[in-house]
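# quick one, what's the 3D model for this:
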Amino acid sequence: MTPEAGRPQPQVTQETEFFWTSGRDGRLRFQSCTACRALIHPPQPVCRNCRSHATAIRTVSGRATLIGFTVNHRFPFPGLPTPYVVAQVAIEEDPRVRLTTNVVDCPPEDLCLGMRMEAVFAQAGEAWLPLFRPCADDENPLATLPSDDPAPERIRAYSRAPLPTRKFEDHAVISGAGASRIGRRLMVPPLELTVEACEKAVADAGLSLDDIDGLSAYPGAGAYGGFAEGGVTALESALGIRPVWHNGAGETMGPGGSVIAAMLAVAGGLARHVLCFRTVWEATHAELVRQGRISLPRPAGADGWLKPYGATSPAITLAMNAQRHMHRYGSTRETLGWIALNQRAGAALHPDAVYREPLTMDDYLTARTVSTPFGLYDCDVPCDASVAVVVSAVETVPDLPKPPVRVEAVGTRILERLEWDQSTLTHEPQVLGQSAHLWTRTDLRPADVDVALLYDGFTFNCLSWIEALGFCGIGEARDFLDGGKNIARDGVLPLNPHGGQLSHGRTHGMGLLHEAVVQLRHEAGARQVTGARTAVVSSGGLTPSGVLLLRTDG
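Below you'll find the model as predicted:
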């Protein structure tokens, strides 16, 4: 195919040059293990299947199966005028290997899962992008969709019980919680929001800033754009805290990873009171990008396998998982709609929520399309806000002014591929393993949970967590929701009673933890879940995530 004007090209490195230049002769090539014949993608120095180091470059047929696609309407992309199709295909020689790509030479309405596809190439700078079109000469146009390994239904068989020693969870409590103002395009420095939330959390714990001897941030300092404020370094410089322990990282157990790390620190005696914080200023950051005052970097690393095809947002990637869940289990757009409506009903009772106006199913179904099957109300609300909590050693409980929130168990285990397009097909990746791990660390069970604060960057995130945590069986969320009755504030599983990220605002997981603390203290006012004593809080998904089971003694 001719070069595509304006389409961003991937970063070509020594390790990936063979792949991105394959299209010069029209052949698709992968790294391959010479021991077990598995294809290795993205390229690695070792085979993840047999762990052999013997690898070579292998030419394949270019045939594949269409395992997911979404029609992007929302996110414009150079060289790809909307609407355009982002797809995932499973390679014929090894269906465990998938490529994110674009479908060409076929109207979106003619696509269906299982279609046999063939590679064609489009040049973008020094790279040749493998695109795919339906096979023209195949007598059997449909193939069987590949299965996940491990299968969602069997994920708990891979979780190990903890060693029969003391649980670190028993030696830490959440003693304070605070949140800054929240809003769209506040146009204030993100560190200002961080300080506001942290001062409130410390005061809520009955402490002074001089009592804080640990700091823990997610994702920490780095080029995170509107998703961070500068990390531990920025806050320490602003407030003059002198920690004996500190932590800031993106490669941890989701936004709640800073809290889990803090618990380990106080349980190990490294600190008494750790201040954990999470700040987003995504709405302001986006506005500054539009004004040309901030520029975006060239896609590299994992993004380099996705963004050249216009997969610029998690909405596009996760939409394909939602599509496959609908295909396999019969969930519908209305299934997701009940989650959106539930969150809006909760936000109506929260004075700080970004969106509080009533939302109907008709509003949900007729809203503008973002990336099929997602519409506007399937997506969370970018905002500016900061949330902080204080994690304290259990020995300090007698000195605390408020009843502590105890952590019964955490779930952190990774069982699924971390690369978004190589991972679980039918659910949000990085929820199944962590959920299964949680229940190995406690005698409590899903039926003991009084309120659920489940990550809802998209409605489908929530659905995935509901099934993964065992509140219903895998594939049973449509029936479990029962028209939204079971997730209402007075239902069997009150879900995100503050409005979640879909309506309260995208506080990136820590807002869910803040609401859990408020609910367990019975301080939620009109949105309070009656008698709440246990809460489950999930943070993240797609990236490594974590989940916490909280309780109070009262």
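
# quick one: low-confidence ranges for this protein?
Across the chain, the ranges flagged by pLDDT under 70 are 1-6, 138, 164-165, 294-302, 554.

# how does it look with 50?
2-3 (pLDDT under 50).

# what comes into contact with the host helix or strand of L264?
Element membership for L264 (DSSP states H and E) is helix 257-267. Defining contact as C-beta atoms under 8 Å, 6 or more residues apart in numbering, one finds that helix 257-267 is touched by 168-169, 171-172, 174, 214, 216-218, 245, 247-249, 252-253, 271-274, 276-278, 389, 391-394, 407, 410, 412, 513, 539-540, 544, 546, 548. Where you see a C-beta, it was placed from the backbone N, CA and C, and this is true even at glycine.

# so how far is that helix off the chain centroid?
21 Å (C-alpha atoms, centre = their mean, to the nearest Å).

# cool, stretch 55-75 as well?
The answer for stretch 55-75 is 22 Å, by C-alpha atoms, centre = their mean.

# residues of that stretch that come out buried?
Neighbour counts over stretch 55-75 (16 or more other C-beta atoms under 10 Å) mark 55, 58, 60, 62-75 as buried.

# the closest residue to C33 other than its chain neighbours and H41, how far apart?
Closest residue in space to C33, ignoring its immediate chain neighbours: C47 at 3.7 Å, by C-beta to C-beta, 6 or more residues apart in numbering. Taking C-beta to C-beta, to the nearest Å as the measure, C47 falls 11 Å from H41.

# ok, A524 next?
According to C-beta to C-beta, A524 and H41 sit 47 Å apart.

# same thing with E196?
Relative to H41, and taking C-beta to C-beta, E196 is found at 45 Å.

# ok so, going back, of the buried residues of stretch 55-75, which belong to strands?
Those of the buried residues of stretch 55-75 mapping onto strands are 55, 58, 60, 63-72, per DSSP state E.

# need the max-distance pair from those residues.
Farthest apart among these by C-beta to C-beta are T55 and V71. That separation is 36.4 Å.

# phi first, then psi, for the closest residue to E282 other than its chain neighbours.
The shortest distance from E282 to any non-neighbouring residue, by C-beta to C-beta, 6+ apart, is to G226 (3.8 Å). Main-chain torsions, G226, degrees, to the nearest 10: phi -80, psi 10.

# my guess is G226 contacts E287. True?
No - with contacts counted by C-beta atoms under 8 Å, G226 stays clear of E287, the gap being 9.6 Å.

# all helices of the stretch 401-550 of the chain, in order?
432-438, 459-468, 477-481, 510-520 (DSSP state H, counting those that start in this stretch).

# could you give the angle of the longest one to helix 257-267?
Angle, helix 510-520 to helix 257-267, by axes from the mean of the first three to the mean of the last three C-alpha atoms, to 10 degrees: 60 degrees.

# elements contacting helix 510-520?
strand 172-179, strand 273-281, strand 384-393, strand 405-411, strand 451-453, strand 534-541, strand 543-551 (3 or more C-beta pairs under 8 Å, 6 or more residues apart in numbering; DSSP states H and E).

# can you pull the contacts of the residue nearest to C33?
Counting by C-beta under 8 Å, 6+ apart, C47 makes contact with 33, 35-36, 38, 40, 53, 55.

# among those residues, name the buried ones.
Looks like these have 33, 38, 40, 55 buried, using 16+ other C-beta under 10 Å.

# burial measure for V104, as a count.
15 (other C-beta atoms under 10 Å).

# that should have said P81, apologies.
Neighbours around P81, by other C-beta under 10 Å: 8.

# out of the helices and strands packed on helix 510-520, flag the one nearest T144.
Minimum separation from T144 across those (C-beta to C-beta) falls at strand 534-541, 27.2 Å.

# for the closest one, the distance to its chain's centre please.
12 Å.

# okay, it in PDB with CA atoms only?
Taking C-alpha atoms only, strand 534-541 is exported to PDB below (Å, rounded to 0.1, in the frame of the first residue of the first chain):
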ATOM      1  CA  THR A 534     -17.000  -4.100  55.300                       C
ATOM      2  CA  ALA A 535     -16.000  -2.600  51.900                       C
ATOM      3  CA  VAL A 536     -14.000  -3.900  48.900                       C
ATOM      4  CA  VAL A 537     -12.000  -1.300  47.000                       C
ATOM      5  CA  SER A 538     -10.300  -2.000  43.700                       C
ATOM      6  CA  SER A 539      -7.900   0.300  41.900                       C
ATOM      7  CA  GLY A 540      -6.600   0.000  38.400                       C
ATOM      8  CA  GLY A 541      -6.900  -2.700  35.800                       C
END
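
# by contact count, what packs against that strand?
Strand 534-541 makes packing contacts with helix 432-438, strand 451-453, helix 459-468, helix 510-520, strand 543-551 when contacts are defined by 3+ C-beta pairs under 8 Å, 6+ apart.

# given that strand, what are its sheet partners and their directions?
strand 451-453 (parallel), strand 543-551 (antiparallel) (DSSP bridges).

# mean neighbour count added to those, as TSV?
Converted to TSV, the strands paired with strand 534-541 look like this (neighbours: other C-beta atoms under 10 Å):
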stretch	mean neighbour count
strand 451-453	26
strand 543-551	25
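
# out of those strands, which comes closest to R156?
strand 543-551 (13.9 Å).

# just the CA coordinates of the closest one, formatted as PDB?
What follows is strand 543-551, C-alpha atoms only, in PDB (Å, rounded to 0.1, in the frame of the first residue of the first chain):
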ATOM      1  CA  THR A 543      -2.100  -1.900  34.200                       C
ATOM      2  CA  PRO A 544      -1.100  -3.900  37.400                       C
ATOM      3  CA  SER A 545      -3.900  -3.400  39.800                       C
ATOM      4  CA  GLY A 546      -4.700  -4.000  43.500                       C
ATOM      5  CA  VAL A 547      -7.800  -4.700  45.600                       C
ATOM      6  CA  LEU A 548      -8.300  -4.100  49.300                       C
ATOM      7  CA  LEU A 549     -10.900  -5.600  51.700                       C
ATOM      8  CA  LEU A 550     -11.600  -3.100  54.500                       C
ATOM      9  CA  ARG A 551     -13.500  -3.500  57.700                       C
END
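
# got the angle for it vs strand 172-179?
Going by the same axes, to 10 degrees, strand 543-551 makes 110 degrees with strand 172-179.

# distance from the chain centre to strand 543-551, please.
The answer for strand 543-551 is 12 Å, by C-alpha atoms, centre = their mean.

# could you do stretch 361-381 as well?
The answer for stretch 361-381 is 19 Å, by C-alpha atoms, centre = their mean.

# endpoints of that stretch, how far apart?
18 Å (C-alpha to C-alpha, to the nearest Å).

# do stretch 381-398 as well
Stretch 381-398: ends 39 Å apart by C-alpha to C-alpha.

# cool, and stretch 395-414?
Termini of stretch 395-414 sit 31 Å apart (C-alpha to C-alpha).

# again, but for stretch 499-516
Counting by C-alpha to C-alpha, the terminal residues of stretch 499-516 are separated by 12 Å.

# from the chain's centroid, how far away is it?
13 Å.

# please apply the same query to stretch 409-425.
10 Å.
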